[in-house]
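Peer 1: Need the 3D shape of this:
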Amino acid sequence: MTRGRGFLLAAAILIGSVVLAVFLVSLAPEPERSEPPSQIPYVQTASAVAGSGAIPVHAAGTVRPSAEVDVAAQVGGRVVWVNPAFLSGRRVEAGATLFRIEEEDYVYRLREAEASLAARQSEYLEAQEEAALARAEYERYAHREEGAAPLGLASPLTLREPQLKASRAALDRDEARVAEAKLALSRTRVRAPFDGFVRKESVDVGQLVAIGQTVGRLIAAESVEVVVPLSDADAALIPGLWNAAADESGKAVEARVIAEYGDARFAWRGHVDRAEATLDELSKTIDVIVRVPDPFVSGESVGPAGGLNGNPPLLLGKFVTVEIQGLAPQRYFRVRRAALQPGNVIWAVRDGGTLRIVPVRVLQRIDDEIYVTGALEDGQAAVIGGIRYATDGMRVRTGER
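Peer 2: Numbering: from 1, shown residues only. Just a heads-up that it's a prediction; the model follows:
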């Protein structure tokens with residue numbers, strides 16, 4: 001093969017390769033074209049909802065009796081009768097006799113005092129008669145004798161006035177002894193001071209009790225108290241807390257006490273009764289006392305019964321949650337807790353997709369929500385995630401969740 005034909009063959013191969021490459025390139029698919037990603041940040045938002053009515057104040061505490069007294073005898077003696085209802089857990093009515101002490105000794109003392117009083121009454125009548133005779137005698141003497149002193153200047157001994165006063169004093173003393181004996185006799189019957197439940201008792205027939213010896217304890221059935229510690233911010237939401245615990249209309253601030261029994265929840269209605277005048281030294285909280293009337297009546301079920309047979313009462317010592325009806329501002333908003341930024345501001349999104357930094361005042365924090373006041377609008381989107389920093393007027397893309 002000559003050199004010229006070799007060059008021609010090489011050129012043909014090269015041209016064929018170029019043509020084949022061009023053909024293959026023309027058969028390749030066109031690459032997809034996409035817009036460059038936006039530089040405007042994407043944020044998650046939640047709506048600010050305008051609130052209405054009172055803002056609830058949530059707290060927790062332990063149920064305690066509103067009144068509790070020790071049962072003790074004011075006189076000593078042997079117990080001769082005990083009320084069958086005077087047993088731990090039983091209920092007794094106000095004025096009911098809990099137990100009786102043998103009264104014979106006190107009956108004898110009363111008779112002795114009454115006998116002594118009868119004698120003193122006779123002596124006093126005699127003293128009165130003698131004083132009257134002495135006065136009449138002196139008046140007759142003054143009329144007969146010239147120069148005799150007037151009746152007003154006569155000697156008290158002449159008129160027997162000291163003797164009459166002494167007899168009157170002795171009569172008063174014996175009347176007091178009769179009254180004391182009657183009182184002691186009445187105290188042989190120990191009575192319940194109020195409607196209540198017997199918390200404990202330790203007395204039986206035949207037992208000797210001394211004056212002031214505690215033999216039981218009663219708790220009031222009319223109402224119970226729940227002591228709830230609140231921060232000063234939460235306490236400030238309760239209207240009239242230091243003004244007889246009443247709101248502007250003078251009505252008691254309502255509260256609801258919720259107790260759990262197994263899987264069931266029950267509620268009782270009460271009201272704010274008062275607040276302690278000092279802060280707790282350790283927690284620096286304010287103790288607010290919620291009073292619940294008729295606690296031993298079954299509570300209202302606020303969920304599934306949980307298999308309980310009947311509704312239980314509000315037991316003493318039970319740990320409960322409390323919902324207090326707080327202030328009702330004219331305009332406030334409920335927002336997700338995540339929307340609150342440092343410095344108590346919220347990043348609100350305008351309709352045009354720009355941010356507005358809104359200062360707010362936090363009224364209450366409950367679970368995942370906060371109650372605030374500020375220049376927000378009902379339904380306005382508030383940033384809850386997606387960016388860490390923001391400036392007023394910054395553009396964002398939003399997404400609700």
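Peer 1: For the rest of this, base every contact and every neighbour count on C-alpha atoms.
Peer 2: Fine.
Peer 1: and the gap between Ala267 and Ser301?
Peer 2: According to CA to CA, to the nearest Å, Ala267 stands 6 Å off from Ser301.
Peer 1: Please apply the same query to Arg191.
Peer 2: When distances are taken as CA to CA, Arg191 and Ser301 turn out to be 36 Å apart.
Peer 1: Who has more neighbours out of those two?
Peer 2: The residue with more neighbours, out of Arg191 and Ser301, is Arg191; 19 against 16, by other CA atoms under 10 Å.
Peer 1: and that one, what does it touch?
Peer 2: Ala94, Gly95, Ala96, Thr97, Leu98, Phe99 (CA atoms under 8 Å, 6 or more residues apart in numbering).
Peer 1: What is the neighbour count of the fifth one?
Peer 2: As a burial measure, Leu98 scores 21 neighbours (other CA under 10 Å).
Peer 1: Please apply the same query to the second one.
Peer 2: Counted by other CA under 10 Å, the residues lying close to Gly95 total 12.
Peer 1: Tell me the predicted confidence for it.
Peer 2: If you check Gly95, the pLDDT there is 94.
Peer 1: helix or strand for Ala183, which one?
Peer 2: Just to correct that, residue 183 is Leu rather than Ala. Following DSSP states H and E, one finds Leu183 within helix 161-186.
Peer 1: try Asp234
Peer 2: Secondary structure from DSSP H and E places Asp234 in helix 232-235.
Peer 1: cool, and Arg78?
Peer 2: Going by DSSP H and E, Arg78 is part of strand 77-82.
Peer 1: Which neighbouring elements make contact with that strand?
Peer 2: Judged by 3 or more CA pairs under 8 Å, 6 or more residues apart in numbering; DSSP states H and E, strand 77-82 is in contact with strand 97-101, strand 208-209.
Peer 1: in it, what's buried?
Peer 2: Buried residues in strand 77-82, defined by neighbour count with 16 or more other CA atoms under 10 Å: Gly77, Arg78, Val79, Val80, Trp81, Val82.
Peer 1: any idea of the angle it forms with strand 97-101?
Peer 2: Taking axes from the mean of the first three to the mean of the last three CA atoms, to 10 degrees, one finds that strand 77-82 is oriented at 140 degrees with respect to strand 97-101.
Peer 1: For strand 77-82, give the mean pLDDT please.
Peer 2: Looking at strand 77-82 alone, the average pLDDT works out to 96.
Peer 1: quick one, the lengthiest helix in the chain and strand 77-82 angle?
Peer 2: Among the segments of the chain that qualify as a helix by DSSP state H, the longest is helix 104-144. Here the directions of helix 104-144 and strand 77-82 differ by 120 degrees (the same axes, to 10 degrees).
Peer 1: Tell me the strands beside the strand holding Arg78, with direction?
Peer 2: When sheet partners are counted by DSSP bridges, strand 77-82 sits next to strand 97-101 (antiparallel), strand 208-209 (antiparallel).
Peer 1: Highest mean neighbour count out of those strands?
Peer 2: Per residue and on average, the most neighbours among the strands paired with strand 77-82 fall to strand 97-101, with a mean of 22 (mean count of other CA atoms under 10 Å).
Peer 1: mind checking which of the helices and strands packed on strand 77-82 is nearest Gly385?
Peer 2: Set against Gly385 and scored by CA to CA, those come closest in strand 97-101, at 67.4 Å.
Peer 1: returning to what we had before: next SSE downstream of the strand holding Arg78?
Peer 2: Heading C-terminal from strand 77-82, the first helix or strand you meet, by DSSP H and E, is strand 91-92.
Peer 1: Quick check: mean pLDDT of that next one?
Peer 2: Within the predicted structure, the mean pLDDT of strand 91-92 is 94.
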